[in-house]
Every structure is written in structure tokens, then in C-alpha cells.
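> Sequence plus predicted model, see below.
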Amino acid sequence: MKTTLYKNENRGHFDHGWLKTWHSFSFGAYYDPKNIHFGALRVLNDDIIAGGTGFDMHPHDNMEIITIPLDGALQHKDSMGHTQIIEKNEIQVMSAGAGIYHAEYNASSKDDAKILQIWIFPDKKDLEPRYDQFKYSLKNKNNFELLVGPQKANAKTWINQNAFVSLGKFSGRIGYNYSVIEKNNGLFLFVISGSIRLNDILLNSRDAIGISDSENISFKTENDSEILAIEVPMTW
């Protein structure tokens, strides 16, 4: 088993006033040639967007983009004609494909919006752009709920990659074993809140670990924890 630790305090961080952002991987003004991506996972940004502000219309192509509001809501608009509100307990998926334009604004004029945004390299280039959005409920405590996967998976929605995005809420101190869904995939665990222990490694809130060359990953929660699991091909 190979592991790479991503500590909260080592993430790229910028305070732009209207936007406070933390980057798990090289992004924008944060560049580390040794930290570009984990397999097909290119971006995991942790953003706080001030009320009444947001990202103006801008382009993307050839990327699978997943947005998870943790608090507050976003007003979305794109070149495919979608105008939507995305709230907590919803996920937005955009397959940028051959190219899209979109804008994301805080839907509140005064309250912060807190989001996670994930970018995953697609398995094919220049596909037809696609948009999807859905509500989710983490019904099963102490387990992961698969939210995003490839078309063949039994997930809430799909992306153009053999990758799987799951969320889990865990109560107290328990042990859990994650079995990799697709052989040879790696697993990126991001602790949204709480803390977990993997072997002798303690991960606190906003810490993460990338794991490869293992089909079963065991960890223990130290307290009530919410965890994001992103399983991705290491080569594609």
C-alpha cells in the first residue's frame, strides 16, 4: 500500500476577500510541481464564497466537474441554458467535454456559501457537454453512500470516467473497511469534519490521504466524522 499525506496546513490557501480558498492540488497561483494530481483527480478546492459574490462566466473543457455545497447555496448559469440553485445536500455534475461556459454565484446576498469542488480527468476528450444536479440523503450512518460513478455504476449520477465519489457520516469510534470498487483504482480520503486514524496516521478535519496499490483500506474514526471518498484510476 502506498500513501501520500495531504495535511490541511500544507494546502494552497488564498484570501481574496470575497473568496477564501484552499487547494489540495496545484491550482491558480498555488503551484507545486510535486503536487499536481492524484491519479485522475486533478482538483479538490475548499471554498468560502462571501454573500453577493461569485465566479463570473468562464470557460472549461475536457474535465468532469463536481460541486458539493456544504453550507448555503449557489446560483448556477451556463452556456447550455441551465439556470439552477444548488443547495446543501445536493450535488452538481458538469461534464465540460468539448467546452462550456458557466458562472457560479452565492445565492445569498449576505451569508457565506461553503463548497467543495472536484475536477476529474475524463476518459475521453471533446465529448458532448452535460449537466446534472440531484438531492441526496446520507441515510445509512457509519457507511459511505455512492453519489457519482461511471455510467455502469449504480450511482445517483454519472461522469465520463471510471471514478466513484462517495460521502459518509460516522458516529463515535468505529472501524471501517473500504473495498476498492474497481481494481487498480486509488482512493483519496478527505476528512470534512471529525478525525480518523489509518494505521498510525491521524487525519483531522480537512486533512486527506491518497492511497494506492491496495484493494482494502481500513480506518477507525476517532469521533463523529464526515468523510469524502474519491476513488479514481491511477492511469487512464
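Nice, thanks for sending it over.
> how close does the one residue sitting closest to the centre of the chain get to residue 103?
Nearest to the geometric centre of the chain sits residue 118, at 3.8 Å (C-alpha atoms, centre = their mean). Distance, residue 118 to residue 103, using C-beta to C-beta, to the nearest Å: 19 Å. C-beta coordinates here come from the backbone N, C-alpha and C atoms, glycine included.
> about what we covered before: and the nearest residue to the residue nearest to the centre of the chain once chain neighbours are set aside, which helix or strand is it part of?
Counting by C-beta to C-beta, 6 or more residues apart in numbering, residue 118 lies nearest to residue 66, which is 4.2 Å off, once chain neighbours are set aside. Assigned by DSSP states H and E, residue 66 falls within strand 64-71.
> on that earlier part again, quick one: the residue nearest to residue 118 and residue 74, what's the gap?
13 Å.
> Pull up the overlap in contacts between the two.
Counting by C-beta atoms under 8 Å, 6 or more residues apart in numbering, the shared contacts of residue 66 and residue 74 are residue 92.
> from the middle of its chain, how far away would stretch 210-226 be?
Between the centre of stretch 210-226 and the centre of its chain there are 16 Å (C-alpha atoms, centre = their mean, to the nearest Å).
> Can you measure across that stretch, start residue to end residue?
17 Å (C-alpha to C-alpha, to the nearest Å).
> neighbouring contacts of it?
For stretch 210-226, the surrounding residues in contact (C-beta under 8 Å, 6+ apart) are 1-4, 6, 38-39, 167-180, 183, 186-189, 191-198, 202, 234.
> Same question for stretch 126-135.
Here stretch 126-135 has contacts from 61-62, 76, 78, 80, 82, 84, 86, 89-100, 156-158, 160, using C-beta under 8 Å, 6+ apart.
> Sort out for me which of those are in strands.
Using DSSP state E, the members of these that fall within strands are 76, 78, 84, 86, 90-95, 100, 157-158.
> Looking at the record's assignment, how would you partition this protein?
11-135, 143-233 (automatic domain parsing).
> Output the ones you listed as a markdown table; include the columns mean pLDDT.
As requested, the domains of the chain are exported to a markdown table (pLDDT from 0 to 100):
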| stretch | mean pLDDT |
| --- | --- |
| domain 11-135 | 97 |
| domain 143-233 | 96 |
